[in-house]
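Sequence plus predicted model, see below.
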Amino acid sequence: MNGIVEFFVIRLSDEGTAGQVRNAARPVFCALEGVRDWRTYRSVATDRPTLFVEAFMFEDPESAKAAGARFSELDETKAFLGQIEEILVGQHFTDITRETAS
């Protein structure tokens, strides 16, 4: 297994404040055991300036579950959660590219 990626498609209440809070939360969350990375993607649609994808990479399903539970407990990540206006999608995925390539 190539690890687990958790994608959250979210709408933020304020991009500037959320960015500052995210920058403070990222190193704290990424220091947790089994967390590989936290990447952020912004929509290029000009009519959706607060639409983002937060992608969290984990070693394995167990790490994803444990770290995900901690996200709502850590002060830094709780502050980021407070900047989320709406969660459109939140789900764990695994990369199957090599499994399905012909």
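Arrived safely, thanks for sending.

Run through the protein and note the low-pLDDT ranges.
The model of the chain has pLDDT under 70 over residues 1, 100-102.

And stretch 56-75, end to end?
18 Å (C-alpha to C-alpha, to the nearest Å).

Give me the distance from it to the chain's centre.
When C-alpha coordinates are averaged (C-alpha atoms, centre = their mean, to the nearest Å), stretch 56-75 and its chain have centres 10 Å apart.

That one: which residues count as buried?
In terms of neighbour count (16 or more other C-beta atoms under 10 Å), stretch 56-75 has its buried residues at 56-58, 63-64, 67-68, 71, 74. Quick note: C-beta positions are derived from backbone N, CA and C, even for glycine.

And the residues you listed, which two are furthest apart?
M57 and L74 (17.6 Å; C-beta to C-beta).

and the next element down the chain from the biggest helix by length in the chain?
Ranked by residue count and defined by DSSP state H, the top helix of the chain is helix 15-30. Remark: after helix 15-30, the chain's next helix or strand is strand 35-42, criterion DSSP states H and E.

Out of the buried residues of stretch 56-75, which sit inside strands?
Members of the buried residues of stretch 56-75 lying in strands (criterion: DSSP state E): 56-58.

ok now do I10, which residues does it touch?
The neighbours of I10, taking C-beta atoms under 8 Å, 6 or more residues apart in numbering as the test, are 51-54, 84-88.

Taking the residues you listed together, which two end up most distant?
Greatest spatial distance among these (C-beta to C-beta): V53 and E85, at 14.7 Å.
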